[in-house]
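Colleague: Everything below, folded, please.
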Amino acid sequence: MLNLIKSQITSHKIQLLKNTRIFGCRNLTSESNLKTESNVAIFWDLDNKPPKSFPPYDAATKLKLAAHRFGFVKYMIAYANHHAFSYVPPSIRAQRRNTRASNELEAMGVIKPDEPYVCRVCGRRFYSNERRINHFKQIHEREQTKRLNKIESARGKKRVDMVAKYSMKMDKYKYAAKDILIPKVGYGLADELKRAGFWVRMVSDKPQAADVALRNQMVDMMDRRTVDCLVLVSDDSDFVEVLKEAKLRCLKTVVVGDCNEGALKRTADAAFSWQEIMMGKAKKEAVSVVGKWKDRNVLQRLEWNYDPGTEKKLYCDEIDGEKSDLELFSSDESGSLLEEEENDGQWWELEK
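Modeller: Below is the predicted model:
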């Protein structure tokens, strides 16, 4: 009976050890996967490369998905001056003209919409877009103004509670106003990029102000070693030196731009166009690019490098070791021979 109990206990211990080994291996593998994943930072030069042909939110989302193939996207930064945020692309202008003309025709009763216009805040339906706009301005815009005034007048904990109370209503208003109201300045570029997760910074209107700020931000992150891969959205050749410095520091560099023969694309490790980003082609090609980078790292580790100073030092150490071994051997051998001669007598004397 005792033997049976002992055998059961030992089998139970063995099973526990196996489980701990399995779970330990899983944890180790998961930790190693997390450690090997590199951090990626996206730097967007909006002065040089604004999303003219594509909606800002869609362009930012596609760019983030493509950059995610190179690692964990830790930073998304965009710099521009006031002119970039106030600029309206020709496609947006034409769309606004068409909307204005259709609103006038609907107000005169010339055309009728196939489906009624729905207010995204309250859900009310209208058979003309002009009436929906007036309803939105008279009711929801006033409510939004009152909420903002209440938050501005509150202080301390009361203000924090009020922001938490009105946060959902304010977000709902922003999403609805994006499609109904026309922004007073520009076409909502900064708000759309912020909605996609970018940190947007406006600089002064001085020449090259955005480039200088963006370069300083990139160098600062390289000095702090917070990223392993830089994704630059620009065609400006002023960033060539920054990319070279990043490559010297063993960082991966990726450029997104439309200039195929530009200096940036020749300097970077990988390059894509905006068309490839929006179509999803860059997202697929990024997998092969990362595979090539891994193969190159393995070959660099296996590569033999000749260093004259190191080789000379190793050669001298080997020679000194051989000399010391010879000296020890010769001294021991000579000492033993002398002792034998003293004990046995002269070499010409015969043994008795």
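Colleague: Quick one: residues contacting the nearest residue to residue 126 once chain neighbours are set aside.
Modeller: Leaving aside its sequence neighbours, residue 126 sits nearest to residue 132 (Cβ to Cβ, 6 or more residues apart in numbering; 4.2 Å). In short, each C-beta sits where N, CA and C put it, glycine included. With contacts defined as Cβ atoms under 8 Å, 6 or more residues apart in numbering, the neighbours of residue 132 are 117, 119, 126, 180.
Colleague: Residue 132: which element?
Modeller: helix 129-135 (DSSP states H and E).
Colleague: Could you export that helix as PDB, CA atoms only?
Modeller: Taking Å, rounded to 0.1, in the frame of the first residue of the first chain, the C-alpha atoms of helix 129-135 are listed here in PDB:
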ATOM      1  CA  ASN A 129     -29.600  68.900 -46.900                       C
ATOM      2  CA  GLU A 130     -30.100  72.700 -46.300                       C
ATOM      3  CA  ARG A 131     -32.700  72.000 -43.600                       C
ATOM      4  CA  ARG A 132     -30.400  69.400 -42.000                       C
ATOM      5  CA  ILE A 133     -27.600  72.000 -41.800                       C
ATOM      6  CA  ASN A 134     -29.800  74.600 -40.300                       C
ATOM      7  CA  HIS A 135     -31.100  72.100 -37.700                       C
END
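Colleague: So what's the gap between whatever helix or strand comes next after it and the chain middle?
Modeller: Next along the chain after helix 129-135, taking DSSP H and E as the criterion, comes helix 142-153. Helix 142-153 sits 37 Å away from the centroid of its parent chain (Cα atoms, centre = their mean, to the nearest Å).
Colleague: Counting neighbours, which bits of the following helix or strand past helix 142-153 end up buried?
Modeller: Where DSSP H and E defines the elements, the next helix or strand beyond helix 142-153 is helix 157-180. For helix 157-180, the neighbour count (16 or more other Cβ atoms under 10 Å) marks 162, 166, 170, 173, 176, 177, 180 as buried.
Colleague: centre of the chain versus helix 157-180, how much separation?
Modeller: Helix 157-180 has its average C-alpha position 29 Å from the chain's average C-alpha position, going by Cα atoms, centre = their mean.
Colleague: quick check: mean pLDDT across that helix?
Modeller: Across helix 157-180, the average pLDDT comes to 88.
Colleague: and if you look at stretch 276-295?
Modeller: 83.
Colleague: contact partners of stretch 205-214?
Modeller: Outside stretch 205-214, the residues that touch it by Cβ under 8 Å, 6+ apart are 43, 45-48, 77, 79-84, 201, 203, 236, 238-239.
Colleague: let's go with 10 Å and repeat that
Modeller: 43-48, 77-84, 201-204, 215, 232-234, 236, 238-239, 242 (Cβ atoms under 10 Å, 6 or more residues apart in numbering).
Colleague: Thanks a lot, catch you later.
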